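1. here is my input, please return the structure:
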Amino acid sequence: MKFKILLVATLILFISSFMIMGTTYAQEDFNLRGGVTYTTLSDDDVQEGLDRGFGFYVGGEYPLTDFLKGIVQHERYYFSQTFTYNGITAVKINLNAIVGLLSLDLMDEEEISFALMGGPGYYFGKISAEEEGTTLSWNLKPSFGFKFGAGIDYPMQENLSFNASGFYRMLETTIADMDDLEDGDFSGLEISGGLIYNF
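-> Residues are numbered from 1 along each chain as shown. Model prediction:
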């Protein structure tokens, strides 16, 4: 219950920031961002080797004030493991998200900037398994989650910067149309690296 209250409060804050500050403040152009991510799954029931994966993200950011930016991005993660268990030889998890983040700059020097970030995400995806030559597939129930962390930006050229960030993702979901199952813990660490291009 506390998690849902925190999620709703953060979403309201995020939308309010865009509506209030975004309409009264304009400093820089829109920035395009993208990169790759290494991530983990915290659920103890996940098969060893399936509890880590890679992905990518792409999105944009826009300054709201001198020290606050709004970020919206699409994220996708892949988890895959080959093993033999009760006729199942491989399992894959594809996890997608549309995430909104607020980025608060704590240090903005000429060479490097450091920011705290956090916000809600809408997650959906699919689990598939190979069983005796047949592919079985289940959709994950679309769910809201939350992530928080920090990142640094380092300028490489006039319009191009390198970005590195670390997050902790809070997410619980289960297979759609299987309400008798307990929610699985899809929370985990995320370590990302990529580029930011200023138009």
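
2. tell me which stretches of this structure form helices.
-> Counting by DSSP state H, the chain has helices at residues 2-24.

3. which residue of this protein lies farthest from its centroid?
-> In the chain, residue 132 marks the outermost C-alpha relative to the chain mean, sitting 33.7 Å out by C-alpha atoms, centre = their mean.

4. how much space separates it from residue 122?
-> Noted for residue 132: a distance of 35 Å to residue 122, by C-beta to C-beta, to the nearest Å. For every residue, glycine as well, the C-beta is placed using N, CA and C.

5. same question for residue 154.
-> Counting by C-beta to C-beta - residue 154 and residue 122 are separated by 30 Å.

6. residue contacts, the residue minimising distance to the centre of the chain?
-> Closest to where the C-alpha atoms of the chain average out (C-alpha atoms, centre = their mean) is residue 75, at 5.5 Å. Shown in contact with residue 75 (C-beta atoms under 8 Å, 6 or more residues apart in numbering): 37, 55, 56, 57, 96, 97, 98, 99, 121.

7. just checking, what packs against the longest strand along the chain?
-> Ranked by number of residues, the top strand in the chain under DSSP state E is strand 134-157. Contacts defined by 3 or more C-beta pairs under 8 Å, 6 or more residues apart in numbering; DSSP states H and E place strand 134-157 against helix 2-24, strand 88-108, strand 113-131, strand 160-170, strand 172-173, strand 188-198.
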